[in-house]
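# mind folding the following:
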Amino acid sequence: MKKTLRHKIGRYIFLREYGQHETLQQSVTFDAARSIGILYDSTNEKHFDIVKKYVKEIREQHHKEVLALGYYDQKELPPMRFAKLGLDFFTRKDLNWYFKPIAPVVKNFVQKDFDILIDLHMGNSIPFRYIVASSHASFKIGKYDRLATPFYDFMLSISDNMTFPQFIEQVNHYLKAFKHEPSR
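The predicted structure is shown next:
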């Protein structure tokens, strides 16, 4: 019951803080993007491995600067999981009482001027909403969430049975489909 109350208070405070927030909608094509931020839930070991491969693929095949920020839903990271170049983490202990991320690594991530921010979180989490809402990224893409529509430039409606790799495929499909129209 205490956690449910905290979630309600967290949602209320988030909406009070960012409820009137509007983004400057700016489309950035995948080809034109130089820097990409990836936000994901790293609690699931398979998701962590998939994101590591995804980051490597974007860097090597598309020559983009990529920084991934994973949330691990425990107080401490497991012993074999640690931050390395381009793969940072925050945990439950990095959230305040109403679930707002307060870690320096999160502040650095949101202040980075990414061309594209890819939110791969498939749930509706207050910490992820805070990060997306306060991010300086030019173009933000993620899963459809009615309450979060002011914070994204493009949202994908996904089915309940979509897998994490399928979600990444959908994100890639739409990112690569965007093309700039020539000026007239």
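
# the helices in this protein, which residues?
2-18, 45-62, 104-111, 126-134, 164-177 (DSSP state H).

# need the winner for burial among those helices.
Of the helices of the chain, the one with the most neighbours on average (mean count of other C-beta atoms under 10 Å) is helix 126-134, at a mean of 23. Bear in mind the C-beta positions are built from the backbone N, C-alpha and C, glycine included.

# ok and it relative to helix 104-111, angle-wise?
Orientation note: helix 126-134 sits at an angle of 40 degrees relative to helix 104-111 (axes from the mean of the first three to the mean of the last three C-alpha atoms, to 10 degrees).

# reformat the helices of the chain as a markdown table; add distance to Thr29 and mean pLDDT.
What follows is these, written out as a markdown table (distance: least, C-beta to C-beta, whole Å; pLDDT from 0 to 100):
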| stretch | distance to Thr29 | mean pLDDT |
| --- | --- | --- |
| helix 2-18 | 27 | 70 |
| helix 45-62 | 12 | 94 |
| helix 104-111 | 22 | 95 |
| helix 126-134 | 20 | 92 |
| helix 164-177 | 8 | 94 |
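
# closest one to Phe30 among the ones you listed?
helix 164-177 (4.3 Å; C-beta to C-beta).

# contacts for the closest one?
Helix 164-177 is contacted from outside by 30, 44, 46-47, 50, 54, 116, 118, 120, 122, 141, 143, 154, 156, 158, 162, using C-beta atoms under 8 Å, 6 or more residues apart in numbering.

# specify which member of these is nearest to Pro78.
Asn44 (11.9 Å).

# now do the contacts for that closest one.
So Asn44 contacts Phe164 (C-beta under 8 Å, 6+ apart).

# just the pLDDT at it, thanks.
Confidence at Asn44, expressed as pLDDT, is 93.

# excluding chain neighbours, what is closest to Leu156?
Sequence neighbours aside, Gln170 is the residue nearest to Leu156 in space, at 5.5 Å (criterion: C-beta to C-beta, 6 or more residues apart in numbering).

# let me know the pLDDT of Ala148.
82.

# from Leu156, how far off is the nearest residue to it once chain neighbours are set aside?
Excluding the flanking residues, the one nearest Ala148 by C-beta to C-beta, 6+ apart is Arg129, at 5.7 Å. According to C-beta to C-beta, to the nearest Å, Arg129 and Leu156 sit 16 Å apart.

# cool, and Val55?
20 Å.
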